[in-house]
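Quick check, what structure comes out for this input:
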Amino acid sequence: MKPLDLLLQRIRMQKASAHIPDGASVLDIGCGQGELFDYLRGRIGPSVGIDEEAIDRETVDGHQLQRGQFPEDLRVPVQFDTITMLAVVEHLPQQALESLSRTCSELLKERGVIVITVPSPLVDHILVILRFLKLVDAETLHQHHGFVPGSIPGLFSGKEFTVERMETFELGLNNLFVIRKRART
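Residues are numbered from 1 along each chain as shown. I've put the predicted structure just below:
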């Protein structure tokens, strides 16, 4: 990754970390090589990350990284306090988006939180230019499918989830969503 890629990744992690409780067990979907776990070092409990490019291993802090597709390759017998998807949802195929709410509900503890960052569609055009200038790698840009950030609340609508926070950051080019699983009544 180039320095600008790393900076943008760090900004996403910083924004998301404010919504991850201390001691939480985290499922990081699209975990890369565990960068979020490194960023949160010592703040979270045992956690799991899954990514197509991850190397199956246990990190220094005891977190598990799993190589594979979410959710079909995920190997966990537990539920999590927090699920993170930082710059991931815009890469998911429509079929995965349709089952995302149900899958997250199964993997998330009651009152658990989902933290999502997703770029504005305008970012795709900016990344093409930045990639041409060799300022970013943008290796997965071809996977973007014009995802509209405003559709996130619709993916988690219904009686099971509450959207607690929606905001933009990075001059409006990125979006943060914090979604809480409701307690059973």
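
His19 touches Glu167, doesn't it?
No - if you go by C-beta atoms under 8 Å, His19 and Glu167 don't touch, sitting 10.9 Å apart. C-beta here means a position set from N, CA and C on the backbone, and glycine is covered the same way.

neighbour-wise, which of the two wins?
Between His19 and Glu167, counted using other C-beta atoms under 10 Å, the more crowded position is His19 (19 against 11).

is it true that that one lies in a helix?
No - His19 is assigned coil when assessed by DSSP: H, G, I helix; E, B strand; the rest coil, not a helix.

Could you list the buried residues of the strand ranked longest in the chain?
When the chain is parsed with DSSP state E, its longest strand is strand 108-119. Within strand 108-119, the residues that qualify as buried are Leu108, Gly112, Val113, Ile114, Val115, Ile116, Thr117, Val118, Pro119, counting by 16 or more other C-beta atoms under 10 Å.

Spell out the secondary structure type for Val178.
Applying three-state DSSP: Val178 is strand.

is it in a bridge, and if so with what?
When bridges are called by DSSP bridges, Val178 pairs up with Val115, Arg165.

That one contacts Gly112, doesn't it?
No - between Val178 and Gly112 there is no contact under C-beta under 8 Å: 11.3 Å.

And the helices in the protein?
3-17, 35-39, 94-107, 122-132, 152-155 (DSSP state H).

Next, format the ones you listed as CSV and append mean neighbour count and mean pLDDT.
What follows is the helices of the chain, written out as CSV (neighbours: other C-beta atoms under 10 Å; pLDDT from 0 to 100):
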stretch, mean neighbour count, mean pLDDT
helix 3-17, 16, 90
helix 35-39, 19, 96
helix 94-107, 15, 89
helix 122-132, 14, 70
helix 152-155, 17, 92
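
Relative to Glu53, which of the ones you listed is closest?
Judged by C-beta to C-beta, the one of those that comes nearest to Glu53 is helix 35-39, at 11.7 Å.

Keeping just the C-alphas, turn that closest one into PDB.
These are the backbone C-alpha positions of helix 35-39, laid out as PDB (Å, rounded to 0.1, in the frame of the first residue of the first chain):
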ATOM      1  CA  GLU A  35      -4.500  -3.700  10.600                       C
ATOM      2  CA  LEU A  36      -7.600  -2.700  12.700                       C
ATOM      3  CA  PHE A  37      -6.500  -5.200  15.400                       C
ATOM      4  CA  ASP A  38      -3.100  -3.600  15.400                       C
ATOM      5  CA  TYR A  39      -4.600  -0.200  15.600                       C
END
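
I am finished for the moment; much appreciated.
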